[in-house]
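Engineer: Below are the sequence and a predicted model; questions follow.
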Amino acid sequence: MYANGPISTEARGAAGRSTEAADYQDVPRPVAVMPKTYAAGMHLARHFHPRAQLLYATSGLMMAFAEDGTWVVPEGHALWIPPLLPHAVATHGAVAMCSAYLDPAAVRSFAASCRVIAVSRLLAAALTALAEEPVLYAEAGRGGHLAALVLDEIGRAPATPLALPLPRDARLRRVCLALIEDPASEADLDAWADRAGASRRTLTRGFRAETGLSFGDWRARARVIRALALAAEGRPPRAVAAAVGYRSAQALRTTVARVLGPERPLGGGVGVSAA
């Protein structure tokens with residue numbers, strides 16, 4: 001479970017840099033960067049790292065899962081993962097990513113829970129440049145300056161709505177997991193309340209209290225997150241829409257615009273724009 005497995009000195013990237021997460025956990029530097037590529041359909045079982053992790057999708061789309069939520073990480077975004085947090089990761093389509101492993105002492109003021117951030121051009125350039133430096137870069141030189149810039153950019157980056165919080169209440173959680181499994185379900189709130197063994201009022205209040213979202217907003221976000229994953233796999237727009245409960249790609253685009261904003265492309269031709 002620890003750091004994706006035992007240390008391996010055989011897994012090396014093109015430049016001789018290790019592609020094993022375990023090799024970066026004890027590096028005596030505040031930031032250690034590991035570029036890596038994954039094939040479509042890869043799944044990393046639940047694991048954790050002693051260090052905090054910034055999981056940055058340079059291309060493709062990943063989904064991460066933890067006890068308290070699900071997060072989608074499309075190209076140009078990154079998932080902030082606190083130290084020691086168990087999580088699993090799956091790819092949808094081929095993925096190129098860059099993980100920055102951060103010394104817990106350097107991120108004490110950072111968020112204590114996962115969140116997805118949009119990676120600024122400056123952060124992307126700093127991560128790329130730091131990956132070209134030696135792992136044991138000179139802290140007083142270019143590498144040290146780049147590491148400080150990476151930390152500053154992560155700390156100031158706002159969270160995006162590419163997260164699906166999961167409630168702790170067992171009844172609400174059953175509903176959420178069923179919706180994740182079948183986002184196209186047409187069951188209404190009363191039907192879900194019956195299935196959960198709770199009243200409509202309890203379900204409604206519970207969703208807001210534990211997720212910060214209404215039931216309808218949570219379901220819409222769950223559908224959009226699944227749609228992003230399906231689009232990344234190359235599914236046709238109409239098939240993506242039908243798989244998540246919409247009669248047309250345009251109806252899905254409308255929901256994407258409402259949930260994520262009008263500039264968020266969905267991929268595979270299922271996108272939204274300000275025009």
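Structural biologist: Structure received.

Engineer: can we go C-alpha only for contacts and neighbour counts from here?
Structural biologist: Noted.

Engineer: which residues touch Ala129?
Structural biologist: Under the criterion of CA atoms under 8 Å, 6 or more residues apart in numbering, the contact partners of Ala129 comprise Leu146.

Engineer: In a strand, it, correct?
Structural biologist: No. The assignment for Ala129 by DSSP: H, G, I helix; E, B strand; the rest coil gives helix, which leaves it out of any strand.

Engineer: now it: how far from Asp26?
Structural biologist: Distance check for Ala129 against Asp26: by CA to CA, to the nearest Å, it reads 21 Å.

Engineer: Excluding residues flanking it in the chain, which one is nearest Gly206?
Structural biologist: Once its chain neighbours are removed from consideration, Gly206 has its nearest residue in Leu172; the separation is 7.2 Å (CA to CA, 6 or more residues apart in numbering).

Engineer: Tell me how far the one you found lies from Ala227.
Structural biologist: Between Leu172 and Ala227 the distance, using CA to CA, works out to 22 Å.

Engineer: ok, now Arg253?
Structural biologist: From Arg253 over to Ala227 the distance is 10 Å, taken as CA to CA.

Engineer: Could you list the low-confidence segments of this protein?
Structural biologist: 1-16, 262-275 (pLDDT under 70).

Engineer: For the stretch 51-200 of the chain, just list every one of the strands.
Structural biologist: 52-66, 69-74, 77-81, 87-102, 115-118, 163-165 (DSSP state E, counting those that start in this stretch).

Engineer: Quick one: residues contacting the residue lying closest to Ala39 once chain neighbours are set aside.
Structural biologist: Counting by CA to CA, 6+ apart, Ala94 is the residue found nearest to Ala39 once chain neighbours are left out, at 4.6 Å. Listed by CA under 8 Å, 6+ apart, the contact set of Ala94 reads Thr37, Tyr38, Ala39, Ala40, Gly41, Ser59, Gly60, Leu61.

Engineer: Give the full set of residues in contact with the fourth one.
Structural biologist: With CA under 8 Å, 6+ apart as the criterion, the residues that contact Ala40 are Thr91, His92, Gly93, Ala94, Val95, Glu233.

Engineer: Go through stretch 153-172 and flag the buried ones.
Structural biologist: In terms of neighbour count (16 or more other CA atoms under 10 Å), stretch 153-172 has its buried residues at Glu153, Ile154, Leu162, Ala163, Leu164, Pro165, Leu166, Pro167, Arg171, Leu172.

Engineer: ok, the second one - contacts?
Structural biologist: Neighbour list for Ile154: Leu123 [criterion: CA under 8 Å, 6+ apart].

Engineer: and the residue nearest to Ala39, how far is that from Gln53?
Structural biologist: For Ala94, the distance to Gln53 - CA to CA - is 21 Å.

Engineer: and Met62, what are its bridge partners?
Structural biologist: Under DSSP bridges, the beta-bridge partners of Met62 are Val73, Thr91.

Engineer: dump the residue contacts of it.
Structural biologist: Shown in contact with Met62 (CA under 8 Å, 6+ apart): Val72, Val73, Pro74, Val89, Ala90, Thr91, His92, Val95, Ala229.

Engineer: What is the nearest of those to Pro104?
Structural biologist: Comparing these against Pro104 with CA to CA places Val89 closest, at 21.3 Å.

Engineer: Next up, the contacts around that closest one.
Structural biologist: Neighbours of Val89 in contact, by CA under 8 Å, 6+ apart: His43, Leu44, Ala45, Arg46, Met62, Met63, Ala64, Phe65.

Engineer: need the contact list for the first one.
Structural biologist: I take that to be His43. For His43, the contacting residues are Ala88, Val89, Ala90, Thr91, taking CA under 8 Å, 6+ apart as the criterion.

Engineer: Looks like the third one contacts Met42 (just checking).
Structural biologist: In other words, Ala90. Yes. Checked against CA atoms under 8 Å, the pair Ala90 and Met42 is within contact range at 5.6 Å.

Engineer: The two: who's more crowded?
Structural biologist: The neighbour comparison of Ala90 against Met42 (other CA atoms under 10 Å) goes to Ala90, with 20 against 15.
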